[in-house]
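Novice: based on what follows, work out the 3D shape:
(one chain, ligands or ions: 1)
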Amino acid sequence: MFGFGGNPMHERVRSMAFSFKTSLFGLLIACMANVAWGDDLGALPETIKKWQDMRFGMFIHWGPVSLKGTEIGWSRGSVIPEKEYDALYKEFNPVLFNADEWVSVAKAAGMKYLIITSKHHDGFCLWPSKYTDYDIGETPFGRDVLKELSDACRKQGIRFGTYHSVCDWYHPDFPLGSPGGKTKKTNPNLDRYMKHLENQVTELITNYGPLSTMWFDVPQEVGPERGKPVEALVRRLQPDITINNRGYQGPSGDYDTPEQRVGAFNRDRPWETCMTICRQWAWKPNDTMKSKEECIQTLLLTVGGDGNLLFNVGPMPDGRIEPRQVDRLKEMGAWLAKHGNGVYGTRGGPFQPGRWGASTCKENKIFLYVMNWLKDGPLLLPPIDAKIIDDEMPGGLDAEVVQTTENISVHVPNENRDPIATVIELTVDCPAFDIEPAAVLYRSDSLAFGKKATASNVFQKMETYQPAMALDDNPETRWATDSGTSEAWMEVDLGEPLRIGSLMIDEPAEYKRIQAFELQALDGTTWKTFHSGTTIGPEWSLHFTPITIQRIRLRILKANEGPTIREFQVFAPSQ
Ligand code: FHN
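Specialist: Residues are numbered from 1 along each chain as shown. Sure thing, here's the model as predicted:
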């Protein structure tokens, strides 16, 4: 039973509501208990469980801006002059749009739900709304994209939901305008705008529902006082809907939404990572696309943390999803077709995700997804208060699992390992979800692990962003610098002169900002550069002629925003 803690009365009402067959009875009970439905009560536990069981969804950011290949909403009035941006709809004619094709791509990817931008911050609506002329009905294309897409989803058994921006830099009544909400409208009326928002939300749920989700975003200017009534309206219109936490400023909705990163392990409040398959939310020609390995591992690390993954594509101006993105999604689906049993309908843990990999659980099964093995020796997992009664690998391959009171040793011969994630299914003698979650101390062989680190700048001087966070083998932590920092260095003192022959620097994909850097070793009192480059990125590695040094530093000469490093590892020369 999902509880969000909080007021016991709510729990009682919720559990009473949950035991009734329809949420209408629940609504009745809630009224009798004098609790305003939708104000304080989140989604019913049953609704949340169905939403969690889906685990993997398609996010779609689309609109006339795809004609320009720039970022939706944000390029209005910055990269593209406002008037030019706002006139794009007049030439928007995606004649190759085929809702059944899009939905079949989502299905082939193993996705179970689909969320599309009904309206982004630029105000353009992908359905013929009664409340504006700035919508798909006024384009040469003219067709109701949301209708076709929601019908296709229903036909193919995929849940349909909408992303609806709370802020609206186009609408005259919303106080802020482009670029990026940094300008003020001349004669705004926020109360009138909120009524407009409610009218359009009502259209979405009434005409294209039932929706899986109302995915709100960027609630500039909207606090709980104005936002809660909208959330309550959504729940009244459709009690079995999920709402994310971006409908208004402050804690809200049924689940959290870490963006462009895998969220932290959390079983107490539902959450969903939203992430782009490329770098931009809307379509961009030749945008950098994530590898198959990164896409699948991101999904596994997300579900291993007990989260959902909402994975974004930006369709092209002709209405197609870019073929290379389709291929990537189909690769994900092919992998999930073999190993999805440990993804759908599971919960995260008990072994918490990290560099080692991730685990999920369902009934008396634990699914291990091992992504990195130690160079020598088995993977060591922490002990659990349950007995492992069986272990197996897909295809009957052989794994060696030995459980003691100290640890669980997992060994799989090289030839049986999957380069993306090796799947081992453990059977235990109790409901696996009842096992206390535990972190896996995955130790790399880095000679910098736990050593002394200093840096020229630390984000707001916070302990949690010190350079030591890049020496802890923990992908959840990182060294970060203040926003606006364009040059910085971090230095590691290995404690004594050591011989090194390679290093790995992990600059997170979502924070890839370094544009020029040097690697230097201290020779006496002089820093000598032994490598220089322009980009680093995720898990960048360098092999070099072995050198013996004690102090090494990464000197960032140019970054387009405050640089951040998740891991800085140095290794002895390989034998
Ligand atoms: O500004 C938007 C952005 O364009 C995109 O829609 C993401 C998706 O989660 N949300 C906002 C940035 O947080």
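
Novice: so the nearest residue to A109 once chain neighbours are set aside: helix, strand or coil?
Specialist: Nearest residue to A109 in three dimensions, chain neighbours excluded: L329, at 3.7 Å (C-beta to C-beta, 6 or more residues apart in numbering). For glycine as for every other residue, the C-beta is placed from the backbone atoms N, C-alpha and C. Secondary structure, DSSP: H, G, I helix; E, B strand; the rest coil: L329 is helix.

Novice: give the contact list for L329.
Specialist: Contact partners of L329, counting by C-beta atoms under 8 Å, 6 or more residues apart in numbering, are V105, A106, A108, A109, M111, I277, F311, V313.

Novice: now the residue nearest to the first one when sequence neighbours are not counted: which helix or strand?
Specialist: The one in question is V105. With C-beta to C-beta, 6+ apart as the criterion, V105 has its nearest non-adjacent residue at 5.3 Å, and that residue is V326. Element membership for V326 (DSSP states H and E) is helix 323-339.

Novice: in that helix, what counts as buried?
Specialist: Q325, V326, R328, L329, E331, M332, G333, W335, L336, H339 (16 or more other C-beta atoms under 10 Å).

Novice: ditto for stretch 410-428
Specialist: In stretch 410-428, counting by 16+ other C-beta under 10 Å, buried: V410, V412, R417, D418, I420, A421, T422, V423, I424, E425, L426, V428.

Novice: now narrow those residues to whatever sits close to the ligand.
Specialist: With the criterion set as C-beta under 6 Å from any ligand atom, no member of the buried residues of stretch 410-428 is near the ligand.

Novice: okay, those residues in TSV with secondary structure next?
Specialist: Formatted as TSV, these follow (three-state DSSP):
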residue	secondary structure
V410	strand
V412	coil
R417	coil
D418	coil
I420	coil
A421	coil
T422	strand
V423	strand
I424	strand
E425	strand
L426	strand
V428	strand
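
Novice: circling back: with the buried residues of helix 323-339 in mind, which one is nearest to the ligand?
Specialist: Q325 (16.7 Å; C-beta to the nearest ligand atom).

Novice: hang on, the earlier thing: is it possible to get JSON lines of the buried residues of helix 323-339 that adds distance to the ligand and pLDDT?
Specialist: Shown next, in JSON lines, are the buried residues of helix 323-339 (distance: C-beta to the nearest ligand atom, whole Å; pLDDT from 0 to 100):
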{"residue": "Q325", "distance to the ligand": "17", "pLDDT": "98"}
{"residue": "V326", "distance to the ligand": "21", "pLDDT": "98"}
{"residue": "R328", "distance to the ligand": "19", "pLDDT": "98"}
{"residue": "L329", "distance to the ligand": "18", "pLDDT": "98"}
{"residue": "E331", "distance to the ligand": "23", "pLDDT": "98"}
{"residue": "M332", "distance to the ligand": "20", "pLDDT": "98"}
{"residue": "G333", "distance to the ligand": "23", "pLDDT": "98"}
{"residue": "W335", "distance to the ligand": "25", "pLDDT": "96"}
{"residue": "L336", "distance to the ligand": "23", "pLDDT": "96"}
{"residue": "H339", "distance to the ligand": "27", "pLDDT": "91"}
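
Novice: please dump the residues you listed into TSV; it should also carry distance to W215 for every row.
Specialist: Formatted as TSV, those follow (distance: C-beta to C-beta, whole Å):
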residue	distance to W215
Q325	20
V326	23
R328	23
L329	20
E331	26
M332	21
G333	23
W335	26
L336	23
H339	28
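
Novice: return the member of those residues nearest to G354.
Specialist: H339 (19.1 Å; C-beta to C-beta).

Novice: thought that closest one was touching M393?
Specialist: No. The pair H339 and M393 does not pass the contact test of C-beta atoms under 8 Å, sitting 10.5 Å apart.

Novice: got any residues that touch both of these two?
Specialist: Joint contacts of H339 and M393 (C-beta under 8 Å, 6+ apart) are V423.

Novice: how about the host helix or strand of R555: buried residues?
Specialist: Mapping R555 onto the secondary structure by DSSP H and E places it in strand 540-559. For strand 540-559, a neighbour-count test (16+ other C-beta under 10 Å) marks I547, I549, R551, I552, R553, L554, R555, I556, A559 as buried.

Novice: helix or strand right after it?
Specialist: Next element after strand 540-559 (DSSP H and E): strand 564-565.

Novice: kindly state the domain boundaries assigned to the protein.
Specialist: The chain breaks down by automatic domain parsing into domains covering 8-33+42-340, 349-439, 452-571.

Novice: of these, which stretch is the most buried?
Specialist: Among those, domain 8-33+42-340 has the highest mean neighbour count (mean count of other C-beta atoms under 10 Å), at a mean of 20.
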